[in-house]
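Enquirer: Sharing a sequence plus its predicted fold:
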Amino acid sequence: MKVRCIINTFNRPKECKALVGQLMSQGGGHSVRVLLNDDGSSVPYAKELKGRNVDVVTHRNHGKRRYWELVTKTFQQVRGDGSDFLIYLSDDMTIGKDFFSQAIEGFNRITDRGKICLSYIILKSSFGRPNWTGVKPREIVYGGFKYHYTQWTDMAFICTHKMLQALDYRVPSIPLSRWAKDPTLGSGVGRAISQALVSKKYSLYHLSKSIATFKNPSESKMNKESRKEYPAITL
(Lines give C-alpha, C1' and ligand atoms only; values in the text may rest on other atoms or scores of the structure.)
Protein backbone atom coordinates (compact mmCIF):
# COMPACT_ATOMS: atom_id res chain seq x y z
CA MET A 1 0.00 0.00 0.00
CA LYS A 2 1.12 3.57 -0.71
CA VAL A 3 0.85 5.61 2.48
CA ARG A 4 1.37 9.37 2.69
CA CYS A 5 2.03 10.73 6.19
CA ILE A 6 1.45 14.45 6.73
CA ILE A 7 3.19 16.26 9.59
CA ASN A 8 3.11 19.97 10.42
CA THR A 9 6.09 20.92 12.55
CA PHE A 10 7.11 24.00 14.49
CA ASN A 11 10.17 24.30 16.74
CA ARG A 12 10.29 20.63 17.70
CA PRO A 13 13.49 19.38 16.07
CA LYS A 14 14.17 16.45 18.40
CA GLU A 15 10.59 15.17 18.46
CA CYS A 16 10.08 15.60 14.72
CA LYS A 17 13.27 13.77 13.79
CA ALA A 18 12.32 10.91 16.12
CA LEU A 19 8.83 10.61 14.61
CA VAL A 20 10.07 10.62 11.01
CA GLY A 21 12.59 7.95 11.97
CA GLN A 22 9.83 5.81 13.47
CA LEU A 23 7.65 6.16 10.39
CA MET A 24 10.47 5.17 8.07
CA SER A 25 11.50 2.18 10.19
CA GLN A 26 7.96 0.82 10.53
CA GLY A 27 7.01 0.96 6.87
CA GLY A 28 7.44 -2.78 6.42
CA GLY A 29 5.65 -3.91 3.29
CA HIS A 30 4.10 -0.48 2.71
CA SER A 31 5.48 2.32 0.56
CA VAL A 32 5.63 5.17 3.08
CA ARG A 33 6.26 8.76 2.06
CA VAL A 34 6.26 11.74 4.43
CA LEU A 35 5.13 15.28 3.68
CA LEU A 36 6.79 17.47 6.31
CA ASN A 37 5.54 21.03 6.51
CA ASP A 38 7.80 23.43 8.39
CA ASP A 39 5.58 26.10 9.88
CA GLY A 40 8.35 28.70 10.06
CA SER A 41 10.56 27.15 12.75
CA SER A 42 13.40 29.29 14.11
CA VAL A 43 15.89 26.59 13.04
CA PRO A 44 15.41 24.92 9.61
CA TYR A 45 15.75 21.36 10.91
CA ALA A 46 13.07 20.05 8.56
CA LYS A 47 15.35 20.56 5.55
CA GLU A 48 17.86 18.17 7.12
CA LEU A 49 15.22 15.42 6.96
CA LYS A 50 14.50 15.88 3.26
CA GLY A 51 15.26 12.73 1.33
CA ARG A 52 14.00 10.09 -1.09
CA ASN A 53 10.86 9.42 0.94
CA VAL A 54 10.54 12.74 2.80
CA ASP A 55 9.26 15.86 1.07
CA VAL A 56 9.71 19.18 2.87
CA VAL A 57 7.70 22.35 2.25
CA THR A 58 7.35 25.57 4.23
CA HIS A 59 4.02 27.25 4.93
CA ARG A 60 3.63 29.70 7.82
CA ASN A 61 0.17 29.69 9.39
CA HIS A 62 0.68 32.72 11.64
CA GLY A 63 -0.73 30.89 14.66
CA LYS A 64 -3.91 28.96 15.32
CA ARG A 65 -6.16 31.60 13.79
CA ARG A 66 -4.89 30.74 10.32
CA TYR A 67 -4.16 27.07 10.88
CA TRP A 68 -7.06 26.15 8.62
CA GLU A 69 -5.16 27.73 5.72
CA LEU A 70 -2.06 25.67 6.45
CA VAL A 71 -4.02 22.41 6.58
CA THR A 72 -5.70 23.34 3.30
CA LYS A 73 -2.26 23.78 1.74
CA THR A 74 -1.15 20.35 2.92
CA PHE A 75 -4.34 18.77 1.56
CA GLN A 76 -3.72 20.39 -1.81
CA GLN A 77 -0.06 19.34 -1.72
CA VAL A 78 -1.02 15.64 -1.74
CA ARG A 79 -3.77 15.97 -4.33
CA GLY A 80 -3.29 13.40 -7.06
CA ASP A 81 -0.30 11.73 -5.37
CA GLY A 82 -1.71 8.23 -5.89
CA SER A 83 -1.64 7.28 -2.20
CA ASP A 84 -3.92 4.52 -0.98
CA PHE A 85 -4.02 6.02 2.52
CA LEU A 86 -3.29 9.36 4.13
CA ILE A 87 -2.32 9.69 7.79
CA TYR A 88 -2.23 13.03 9.59
CA LEU A 89 0.13 13.26 12.56
CA SER A 90 1.41 15.79 15.09
CA ASP A 91 5.15 16.36 15.33
CA ASP A 92 5.19 15.54 19.05
CA MET A 93 3.76 12.03 18.66
CA THR A 94 5.29 8.64 19.27
CA ILE A 95 3.70 5.83 17.27
CA GLY A 96 3.10 2.38 18.70
CA LYS A 97 4.31 -0.97 17.44
CA ASP A 98 2.84 -2.06 14.08
CA PHE A 99 1.30 1.40 13.69
CA PHE A 100 0.66 1.17 9.97
CA SER A 101 -0.80 -2.32 10.08
CA GLN A 102 -3.11 -1.42 12.94
CA ALA A 103 -4.26 1.81 11.30
CA ILE A 104 -4.82 0.35 7.83
CA GLU A 105 -6.42 -2.88 9.02
CA GLY A 106 -8.53 -0.89 11.45
CA PHE A 107 -9.81 1.30 8.64
CA ASN A 108 -10.43 -1.56 6.22
CA ARG A 109 -12.30 -3.62 8.80
CA ILE A 110 -15.13 -1.07 8.99
CA THR A 111 -17.85 -2.19 6.59
CA ASP A 112 -19.95 0.97 6.91
CA ARG A 113 -20.21 2.31 3.34
CA GLY A 114 -20.32 5.83 4.72
CA LYS A 115 -16.98 5.56 6.53
CA ILE A 116 -14.69 8.46 5.72
CA CYS A 117 -12.22 8.77 8.56
CA LEU A 118 -10.73 6.78 11.46
CA SER A 119 -9.05 8.58 14.36
CA TYR A 120 -6.26 6.53 15.90
CA ILE A 121 -5.93 8.45 19.17
CA ILE A 122 -8.43 8.64 22.02
CA LEU A 123 -7.93 11.45 24.50
CA LYS A 124 -9.07 11.15 28.09
CA SER A 125 -10.37 14.74 28.00
CA SER A 126 -12.77 14.09 25.10
CA PHE A 127 -13.64 10.40 25.46
CA GLY A 128 -17.37 9.72 25.41
CA ARG A 129 -18.33 13.33 24.71
CA PRO A 130 -20.52 14.50 21.79
CA ASN A 131 -17.83 16.81 20.46
CA TRP A 132 -18.69 19.45 17.82
CA THR A 133 -21.43 17.55 15.98
CA GLY A 134 -23.78 16.81 18.88
CA VAL A 135 -23.66 13.05 18.32
CA LYS A 136 -23.29 10.91 21.42
CA PRO A 137 -20.54 8.33 20.75
CA ARG A 138 -21.50 4.68 20.75
CA GLU A 139 -19.60 1.44 20.54
CA ILE A 140 -19.79 -0.62 17.33
CA VAL A 141 -18.11 -3.95 16.54
CA TYR A 142 -16.65 -4.78 13.12
CA GLY A 143 -14.90 -8.07 12.47
CA GLY A 144 -14.77 -8.80 16.19
CA PHE A 145 -13.05 -5.48 17.00
CA LYS A 146 -14.54 -2.58 18.93
CA TYR A 147 -14.79 0.94 17.51
CA HIS A 148 -16.34 4.18 18.69
CA TYR A 149 -18.77 5.83 16.28
CA THR A 150 -18.11 9.47 17.23
CA GLN A 151 -18.88 11.65 14.20
CA TRP A 152 -15.91 13.90 14.87
CA THR A 153 -12.17 13.90 14.33
CA ASP A 154 -9.17 16.04 15.14
CA MET A 155 -5.80 16.09 13.39
CA ALA A 156 -4.82 12.48 14.16
CA PHE A 157 -6.54 10.26 11.60
CA ILE A 158 -6.21 7.84 8.71
CA CYS A 159 -8.33 8.27 5.62
CA THR A 160 -8.26 7.90 1.84
CA HIS A 161 -8.49 10.57 -0.82
CA LYS A 162 -12.25 10.10 -0.60
CA MET A 163 -12.24 12.27 2.53
CA LEU A 164 -10.19 15.06 0.97
CA GLN A 165 -12.33 14.93 -2.16
CA ALA A 166 -15.44 15.32 0.01
CA LEU A 167 -13.84 18.47 1.44
CA ASP A 168 -12.70 19.61 -2.01
CA TYR A 169 -9.16 19.43 -0.60
CA ARG A 170 -9.75 22.39 1.70
CA VAL A 171 -10.77 23.15 5.26
CA PRO A 172 -13.88 25.36 5.54
CA SER A 173 -12.73 28.88 6.37
CA ILE A 174 -12.80 29.83 10.04
CA PRO A 175 -13.68 33.49 10.78
CA LEU A 176 -11.63 35.53 13.23
CA SER A 177 -14.81 36.15 15.19
CA ARG A 178 -14.37 32.63 16.64
CA TRP A 179 -11.86 34.05 19.13
CA ALA A 180 -13.62 37.34 19.89
CA LYS A 181 -14.99 36.21 23.25
CA ASP A 182 -12.44 33.53 24.10
CA PRO A 183 -8.93 33.89 22.65
CA THR A 184 -7.89 30.59 24.28
CA LEU A 185 -10.04 28.52 21.91
CA GLY A 186 -8.22 26.09 19.65
CA SER A 187 -7.77 26.39 15.90
CA GLY A 188 -11.24 25.04 15.11
CA VAL A 189 -9.89 22.90 12.26
CA GLY A 190 -11.04 19.56 13.66
CA ARG A 191 -14.45 21.01 14.33
CA ALA A 192 -14.77 22.49 10.84
CA ILE A 193 -13.72 19.24 9.15
CA SER A 194 -16.02 17.13 11.32
CA GLN A 195 -19.07 19.30 10.76
CA ALA A 196 -18.46 19.46 7.01
CA LEU A 197 -18.21 15.68 6.70
CA VAL A 198 -21.19 14.94 8.94
CA SER A 199 -23.31 17.41 6.95
CA LYS A 200 -22.55 15.25 3.90
CA LYS A 201 -23.76 12.13 5.76
CA TYR A 202 -20.35 10.49 6.20
CA SER A 203 -19.35 8.34 9.18
CA LEU A 204 -16.41 9.17 11.45
CA TYR A 205 -14.92 6.60 13.83
CA HIS A 206 -12.29 6.25 16.55
CA LEU A 207 -10.32 3.14 17.42
CA SER A 208 -11.14 1.72 20.85
CA LYS A 209 -7.51 2.10 21.93
CA SER A 210 -4.85 4.63 20.92
CA ILE A 211 -1.99 3.41 18.74
CA ALA A 212 0.08 6.58 19.24
CA THR A 213 0.79 8.91 22.16
CA PHE A 214 2.02 12.45 22.78
CA LYS A 215 5.53 12.82 24.21
CA ASN A 216 4.56 15.73 26.46
CA PRO A 217 0.77 15.70 27.04
CA SER A 218 0.79 19.07 28.84
CA GLU A 219 2.73 21.04 26.21
CA SER A 220 1.38 22.64 23.04
CA LYS A 221 2.91 25.16 20.64
CA MET A 222 -0.46 26.41 19.44
CA ASN A 223 -2.96 25.81 22.27
CA LYS A 224 -0.90 26.40 25.41
CA GLU A 225 -3.76 27.38 27.72
CA SER A 226 -6.16 24.58 26.84
CA ARG A 227 -3.44 21.91 26.80
CA LYS A 228 -2.42 22.79 30.35
CA GLU A 229 -6.04 22.52 31.48
CA TYR A 230 -6.79 19.44 29.37
CA PRO A 231 -3.53 17.53 28.81
CA ALA A 232 -3.41 15.18 25.82
CA ILE A 233 -3.46 11.96 27.83
CA THR A 234 -4.28 9.01 25.60
CA LEU A 235 -6.40 5.98 26.42
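Expert: Arrived safely. Computed from a prediction, not measured in an experiment: that's the story for all the values here.

Enquirer: Okay, buried residues for stretch 93-100 please.
Expert: Neighbour-count burial for stretch 93-100 flags 93, 95, 96, 99, 100 (criterion: 16 or more other CB atoms under 10 Å). From N, CA and C alone the C-beta is placed, and that goes for glycine too.

Enquirer: which other residues reach it?
Expert: Contact with stretch 93-100 is made by 3, 18-19, 22-23, 26-28, 30, 32, 89, 102, 156, 210-215, as judged by CB atoms under 8 Å, 6 or more residues apart in numbering.

Enquirer: Next, the distance between the ends of that stretch.
Expert: 14 Å (CA to CA, to the nearest Å).

Enquirer: How far off centre is that stretch?
Expert: 14 Å (CA atoms, centre = their mean, to the nearest Å).

Enquirer: of all the buried residues of stretch 93-100, which comes closest to residue 199?
Expert: Using CB to CB, residue 93 comes nearest to residue 199 of the buried residues of stretch 93-100, at 28.9 Å.

Enquirer: List the beta-bridge partners for that closest one.
Expert: Beta-bridge partners recorded for residue 93 (DSSP bridges): residue 214.

Enquirer: which among the contacts of stretch 93-100 end up buried?
Expert: In the contacts of stretch 93-100, the ones that pass as buried (16+ other CB under 10 Å) are 3, 18-19, 22-23, 26-27, 32, 89, 102, 156, 210-212, 214-215.

Enquirer: Return the distance of stretch 172-186 from the chain's centre.
Expert: For stretch 172-186, the separation from the chain centroid amounts to 20 Å (computed by CA atoms, centre = their mean).

Enquirer: Sweet, I'm off.
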